[in-house]
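S.K.: okay, structure incoming, though there's no sequence with it:
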């Protein structure tokens, strides 16, 4: 029996479906020109489409596996780490959740700077830290029950008085500048007040209290417990530190003494920068200031490698310090946070 395929299919009238299989369907049909009661029709077109879809899916799965393998090989490459970090920071900045989270974390009340306090107005609590220029202690103001920290420093010689007064003025100025930016969270420790003892040889700078200690304590606690920081916590800390520096540098301010002891923590793993004794604001139109010191293990190479070390006092040129010095210290601290050691010096050098 000879027939044309198109003519045959056009004149085939389907009555009902008898069954379906993996390669097609079986119909009860009647041909208008021939007496055919049962016709098994294999839908080859449908089979071909299914084979093409399976092939496409296999290619996509193979491509996905290759991308995952490449990602594993490259995930710790420095450039890619920076790319991932940049993406993370952009997402954090764009996230309304971050803004909401920041606004729910209590900050020190915006109060006027108090210069009428006396030592007897406070209940002394635990010591929080000790530096080259003084001791920091947790205190509670008796009248308001305000938790604060005071920094006790020498205030006797003309040099000591000038240094303390300059630090107070710089802190007030910097906090005021950042406060005017209307940021949802201020990454600067708020200065609350200042007073001296009766003998006028000790000064007390009253500061916002940061309940979670400092970054040095955080790293030391991890060492003692034998734990390491998680990747998510690492990214959060990097973001916090980076945004803290952004609040300073975008307003032309150089901290100049960044180190784990000056990175304070509050609830929600938020960061507050402290100790602005060496901080400077750049002059208009200038992006550098004269270097005045800093902590040796966190100094930038261009400061430590200065040729001024071999010169006589009258031959010394002024060292120019830029925001790059803060960024160098930022990188050293991140290394310490992850590796729990300084990248270049041993603990003995860091403690001196």
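M.R.: Structure's in. What do you need? Quick caveat, the model's predicted, so the values are computed rather than measured.
S.K.: got the buried residues for stretch 50-69?
M.R.: Of the residues in stretch 50-69, none is buried by neighbour count under the rule 16 or more other Cβ atoms under 10 Å. The way it works is simple: take the backbone N, C-alpha and C, and place the C-beta from them, glycine included.
S.K.: do a quick rundown of the strands in the protein.
M.R.: Along the chain, counting by DSSP state E, strands occupy 12-21, 24-31, 38-41, 122-130, 134-141, 146-154, 191-196, 202-208, 253-254, 263-266, 270-273, 280-281, 289-290, 320-321.
S.K.: show me which residues of the fourth one are buried.
M.R.: Of the residues in strand 122-130, those with enough neighbours to count as buried (16+ other Cβ under 10 Å) are 122, 128-129.
S.K.: ranking the strands of the chain by mean pLDDT, which is last?
M.R.: With a mean of 43, strand 38-41 has the lowest mean pLDDT of the strands of the chain.
S.K.: export the buried residues of strand 122-130 as a markdown table, with columns for distance to residue 340.
M.R.: What follows is those, written out as a markdown table (distance: Cβ to Cβ, whole Å):
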| residue | distance to residue 340 |
| --- | --- |
| 122 | 35 |
| 128 | 22 |
| 129 | 19 |
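S.K.: quick one: the helices in the protein?
M.R.: Using DSSP state H, the helices found in the chain span residues 5-10, 44-74, 78-94, 96-104, 158-179, 215-225, 231-249, 301-304, 323-339, 347-351.
S.K.: hey, least reliable of those by pLDDT?
M.R.: The weakest mean pLDDT among the helices of the chain belongs to helix 96-104, with a mean of 39.
S.K.: still on that earlier bit, put together CSV for the strands of the chain, with distance to residue 332 on each row.
M.R.: Output for the strands of the chain, formatted as CSV (distance: least, Cβ to Cβ, whole Å):
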stretch, distance to residue 332
strand 12-21, 69
strand 24-31, 70
strand 38-41, 75
strand 122-130, 19
strand 134-141, 22
strand 146-154, 24
strand 191-196, 27
strand 202-208, 25
strand 253-254, 16
strand 263-266, 12
strand 270-273, 15
strand 280-281, 20
strand 289-290, 20
strand 320-321, 16
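S.K.: and of the ones you listed, who's closest to residue 329?
M.R.: strand 263-266 (10.1 Å; Cβ to Cβ).
S.K.: of all the residues in stretch 241-261, which ones are buried?
M.R.: Residues of stretch 241-261 classed as buried: 241-245, 247-249, 252-261 (neighbour count, 16+ other Cβ under 10 Å).
S.K.: I should have written stretch 322-339 there, sorry.
M.R.: 322-323, 325-326, 328-330, 332-334, 336-337.
S.K.: which of the residues you listed sits closest to residue 230?
M.R.: residue 337 (11.4 Å).
S.K.: residues in contact with the closest one?
M.R.: 215, 218-219, 229, 234, 237 (Cβ atoms under 8 Å, 6 or more residues apart in numbering).
S.K.: right, I'll leave it there.
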